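Colleague: Starting from these lines, generate the structure:
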Amino acid sequence: MLLIGITGMPGAGKSGVYEVAKRLNIPIISMGDIVRYETKKRGLELNPKNVGETAIWLREKYGDEAIAVACLKYINENLKDKDVVIIEGIRSLYEVDYFRKHKPLVLIAIHASPRTRFERLRSRGREDDPKDLRVFIERDLRELKFGIGESIALADFMVVNENDYDKFLNNLEEVIKEIINNKDKYKNQIIYNIP
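Modeller: Numbering: from 1, shown residues only. Below you'll find the model as predicted:
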């Protein structure tokens, strides 16, 4: 099995991979959904503060790769017969390393400018999205503390999502097809072994 990980700052357009996965008939799992699920399980309302605190709590309780552990468990139990699985929302090299210790993983970073990302999040209207610039910046800084910047910087591929959404989706699809067509090439990925 080959894992294709998607990373990027909030609002970069990571969810566009759902459209591409559907086109290519590839199963997908969201790391953010796992955090939102745990937030609700703790009896907390879904808002930026509670979801962020739950993400921190999970990592404090189970380690920096906590969300990756839950994702891989789900994949092994429910998707073990699939050749390729996409994981949306990787946030740290700890998670990258955890996946790579168990299965081959290719990482794609989605990039968009902060101004574009803020406007997207504000108009998206998900319960845990920031409504003002201060909350947006706080969320970005929290994500950077998790190590998302390192994941983005060390990704195997980068796809820009700044203006033309259809062009972005087509570019993302081409990258994923290239990975699938050359999956043997990615069996021995670099593991960073972060202390």
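Colleague: distance between stretch 69-84 and the chain's centre?
Modeller: Offset of stretch 69-84 from its chain centre (Cα atoms, centre = their mean, to the nearest Å): 16 Å.
Colleague: Using the three-state scheme, assign the residue sitting nearest the centre point of the chain.
Modeller: For the chain, the residue nearest the mean C-alpha position is Gly89 (1.2 Å; Cα atoms, centre = their mean). With DSSP: H, G, I helix; E, B strand; the rest coil as the basis, Gly89 sits in strand.
Colleague: excluding its backbone neighbours, what's nearest it?
Modeller: Nearest non-adjacent residue to Gly89, counting by Cβ to Cβ, 6 or more residues apart in numbering: Met31, 3.7 Å away. All C-beta spots, glycine's among them, are computed from the backbone N, C-alpha and C.
Colleague: The one you found against Glu65, yeah?
Modeller: No: the pair Met31 / Glu65 is not scored as a contact, 10.9 Å apart, by Cβ atoms under 8 Å.
Colleague: what is in contact with the two at once?
Modeller: Taking Cβ atoms under 8 Å, 6 or more residues apart in numbering as the criterion, Met31 and Glu65 both touch Glu95.
Colleague: residues of the helix or strand where Glu95 lies that come out buried?
Modeller: Per DSSP states H and E: Glu95 is located in helix 93-102. Neighbour counts over helix 93-102 (16 or more other Cβ atoms under 10 Å) mark Leu93, Tyr94, Glu95, Val96, Asp97, Tyr98, Phe99, Arg100 as buried.
Colleague: need the contact list for Arg100.
Modeller: Neighbours of Arg100 in contact, by Cβ under 8 Å, 6+ apart: Gln189, Ile190, Ile191.
Colleague: thinking again about what came up before, distance of the residue nearest to the centre of the chain relative to Asn181?
Modeller: The spacing between Gly89 and Asn181, counted by Cβ to Cβ, to the nearest Å, is 25 Å.
Colleague: which secondary structure elements does the longest helix along the chain contact?
Modeller: Ranked by residue count under DSSP state H, the longest helix found in the chain is helix 165-181. Packing contacts for helix 165-181, counted by 3 or more Cβ pairs under 8 Å, 6 or more residues apart in numbering; DSSP states H and E, involve strand 2-7, helix 16-24, strand 105-111, strand 157-160.
Colleague: I am finished for the moment; much appreciated.
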